[in-house]
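J.: predicted model follows, preceded by the sequence.
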Amino acid sequence: MALRIEDYALIGDTHTVALVGCDGSIDWLCVPRIDSAACFAALLGDVENGRWLLAPEAEIRATRRRYRNDTLILETEFETATGTCAVIDFMPLGGGEHAVDLVRLVEGRAGEVAMQTELVIRFDYGKTVPWVRKAPDGLTAVAGPEALRLHTPVALEGKNFRTVGSFTVRAGETVPFRLTCFLAYEAEPARMEPDRLLAETTRFWRDWAAQCRVGGPLRDAIVRSLITLKALTYEPAGGIAAAGTTSLPEQIGGTRNWDYRYCWIRDATFTLYAFLLSGLHEEARRWREWLLRAAAGKPSQLQILYGVAGERRIVEEELPWLSGYEGSRPVRIDNAAHEQLQLDVFGELFDVFHVARKFGLPAHDHAWQVEKVLLDHLEGAWELPDQGIWEVRGPPRHFTHSKVMAWVAADRAVKAVERFGREGPVDRWRVLRARIHADVCDKGFDPARNAFVQYYGGKKLDAALLLIPLVGFLPADDPRMIGTVAAIQRELTHDGLVRRYLPEQRVDGLPGSEGTFVTCSFWLVDNLAMLGRYDEARVLFEHLLALRNDVGLLAEQYDPVERRQLGNFPQAFSHVGLINSAHNLTIARGPAKERAEDPA
């Protein structure tokens, strides 16, 4: 039986990530190479298509796991009838763009424990079985451009296209394993002692976490989320992947399975605030630089998502040979949503550059030229229907949130002139801003419901409407927003947690249902805080904190009935929401007030 999504923990090296199960298995490792991504493990729980198990042979009495303080080094402790041991998992940094190291140390802590290792190596998302050869201290595996080298003193043997081994670890002993993934036509990376790699990796993460300007009772939750964002960052380019996985389902057994190993522009402003208010100006600067490079070019070709290095060609395909997590099919790689028109990305981009100016990030001479060209295009495009924030695969509509974000673009352009001395046709932009605002208030608000609606002419709600006060379109205490928040709490919540919209709306053109959306629930926390309803906001925030797994990680969604996490994991946007809501509840001017009230 597959482990639950929340039974996994993340390790990474700021180039790629792996997921480690609470049973000692590594079931997902995406290995970057020049033209695509090869996977050592194909999908969570899909044992035949890739796994590395390292666990006691005998029955386990108890399992405990944790991250070492302020690091991404995972300890999983196993207690058996004969003794206790720990598996320490981490990915050293500095291996290079096309080489990945994964180190596993088995540490004896009491008595003795008989251990087993089973390595199932598959490439090309589980499709290719490599040629495996024994080496004096482990093995090598090669398939086309991909190669693995495993260093260990444990004797290994092949069995049914798997590599297995047994050994015993006693108190005070450490048995090392180091798996190196590299390009087969390049030299094997130099061998380094695991103890040295552990010390260097510990030092890197603790030095990095020490830069986080965060204190108070929520410090540990915020820093753990910041470390997760750092792990999802592609260090060479500065892009931040939405998640480290593909095709983990929004409904168990369903078809809503997407590839989230890409960078979404709509996450940009929230991410920037999460970094800046936590003292991480260098990460904020590099994220802004990535956005500027991605957005450069013909405005009509602006995409909603890009590869982690800024790649534009992301052709979605299905992998029929994979059964999917708990039978959730199809398994997809890449993402066709990059071809959609989503007007909200213009607002996100303008807001990012506006926030960067407010916080004093170094300006680019050509950034303002890019912004002016983008706004010229938006002036003729904002009245078009689009696919909206949720990337519906049904017909385009005039989504209220999309129009609000078009207003944000015009508003931030006006403020660039008024507050920061940029040059541009500000009178024309003021007229555009006013037109969009009036249009939204006229067509996106339903007086009979006393609430904003998902799209013009519709009657249904959408959790994205919670962003209206967060971006400054209307004050949180505007009667129309008070009515909208009340309606969302009444119709879109389950156990206090927020759904994006009701599944029976079928707005996305897809069958099935989904869980509550973690980020949307944090948006509700922010709205309650802005309304001065701090007790309600704190109760909901604590409820959301309790949804994290035992090592502090969140997926995209949560099923309050089955009480389990859903969707790709860990989800950057969920952790961004946690960070920003925590700041909103603990500092005088959190991101909600900063973004909405926008002081000069």
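T.: Noted; the coordinates are in hand. Residues are numbered from 1 along each chain as shown.
J.: who's in contact with the closest residue to residue 494 other than its chain neighbours?
T.: Of all residues not flanking residue 494 in the chain, residue 560 sits nearest, at 4.9 Å (CB to CB, 6 or more residues apart in numbering). (Glycine included, C-beta is placed from N, CA and C.) Residue 560 makes contacts with 494-495, 497, 515-516, as judged by CB atoms under 8 Å, 6 or more residues apart in numbering.
J.: so how far is residue 495 from residue 560?
T.: Using CB to CB, to the nearest Å, residue 560 is found at 4 Å from residue 495.
J.: what is in contact with the two at once?
T.: Residues touching both residue 560 and residue 495 (CB under 8 Å, 6+ apart) are residue 516.
J.: ok, back up a step: now for the contacts of residue 560: which two are most distant?
T.: Largest separation among those by CB to CB: 495 and 515, giving 11.2 Å.
J.: who has more neighbours out of these two?
T.: residue 515 (25 against 10; other CB atoms under 10 Å).
J.: phi, psi for the more buried one please.
T.: With angles defined as degrees, to the nearest 10, residue 515 sits at phi -90, psi -170.
J.: counting neighbours, what do you get for residue 439?
T.: 18.
J.: pretty sure it is in contact with residue 400, am I right?
T.: No - taking contacts as CB atoms under 8 Å, residue 439 lies outside contact range of residue 400: 9.9 Å.
J.: so which residues of the chain form helices?
T.: For the chain, applying DSSP state H gives helices covering 194-209, 219-231, 268-276, 281-295, 344-358, 367-379, 400-420, 426-443, 467-470, 479-491, 518-530, 534-545, 572-586, 591-597.
J.: tell me the helices and strands packed up against the third one.
T.: Using 3 or more CB pairs under 8 Å, 6 or more residues apart in numbering; DSSP states H and E as the contact definition, the elements that helix 268-276 packs against are helix 219-231, helix 281-295, helix 344-358, helix 572-586, helix 591-597.
J.: cool, the shortest one as well?
T.: Helix 467-470 is packed against helix 400-420, helix 479-491, helix 518-530, helix 591-597, with contacts defined by 3+ CB pairs under 8 Å, 6+ apart.
J.: I'd like the helices of the chain as TSV, with distance to residue 552 appended.
T.: TSV is the format used below for the helices of the chain (distance: least, CB to CB, whole Å):
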stretch	distance to residue 552
helix 194-209	13
helix 219-231	4
helix 268-276	15
helix 281-295	19
helix 344-358	26
helix 367-379	35
helix 400-420	30
helix 426-443	38
helix 467-470	24
helix 479-491	27
helix 518-530	13
helix 534-545	9
helix 572-586	9
helix 591-597	20
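J.: what's the neighbour count on the nearest residue to residue 387 once chain neighbours are set aside?
T.: Counting by CB to CB, 6+ apart, residue 340 is the residue found nearest to residue 387 once chain neighbours are left out, at 4.1 Å. When neighbours are counted by other CB under 10 Å, residue 340 registers 18.
J.: what sits against residue 340?
T.: Contacts of residue 340 (CB under 8 Å, 6+ apart): 304, 386-387, 391.
J.: residue 155: which of the contacts of residue 560 is nearest?
T.: Proximity of the contacts of residue 560 to residue 155 (CB to CB) peaks at residue 515, which lies at 45.2 Å.
J.: which ones are touching that closest one?
T.: 250-251, 499, 557-560, 566-567.
J.: between these, which is closest to residue 69?
T.: Taking CB to CB as the measure, residue 69 lies nearest residue 558 of these, at 26.8 Å.
J.: for beta bridges, what are the partners of that closest one?
T.: residue 516, residue 565 (DSSP bridges).
J.: circling back: looking at the contacts of residue 340, spot the one nearest residue 286.
T.: Distance to residue 286, by CB to CB, is smallest for residue 304 among the contacts of residue 340, at 20.5 Å.
J.: count the neighbours of residue 547 for me.
T.: Around residue 547 there are 20 residues (other CB under 10 Å).
J.: how much space separates it from residue 386?
T.: 31 Å.
J.: list the contacts of the closest residue to residue 76 other than its chain neighbours.
T.: Nearest non-adjacent residue to residue 76, counting by CB to CB, 6+ apart: residue 65, 4.3 Å away. By CB under 8 Å, 6+ apart, the contact list for residue 65 reads 9, 22, 74-77, 550-551.
J.: touching stretch 474-482 from outside, list them.
T.: Residues contacting stretch 474-482 (CB under 8 Å, 6+ apart): 441, 445, 450-452, 468-469, 527, 530-531, 596.
J.: from the residues you listed, which two are the most distant?
T.: 450 and 596 (20.9 Å).
J.: comparing those two, which shows the higher neighbour count?
T.: Higher neighbour count among residue 450 and residue 596: residue 596, with 19 against 14, using other CB under 10 Å.
J.: where does pLDDT dip in the stretch 401-550 of the chain?
T.: For the stretch 401-550 of the chain, applying pLDDT under 70 flags the ranges 505-506, 508-509.
J.: related to what we said a few turns ago, could you dump the contacts of residue 340 into TSV with pLDDT, distance to residue 2 and neighbour count added?
T.: As requested, these are exported to TSV (pLDDT from 0 to 100; distance: CB to CB, whole Å; neighbours: other CB atoms under 10 Å):
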residue	pLDDT	distance to residue 2	neighbour count
304	85	31	24
386	95	37	24
387	93	32	24
391	88	27	19
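J.: now, among those residues, which is nearest to residue 160?
T.: Of all those, residue 391 has the smallest distance to residue 160: 41.8 Å, by CB to CB.
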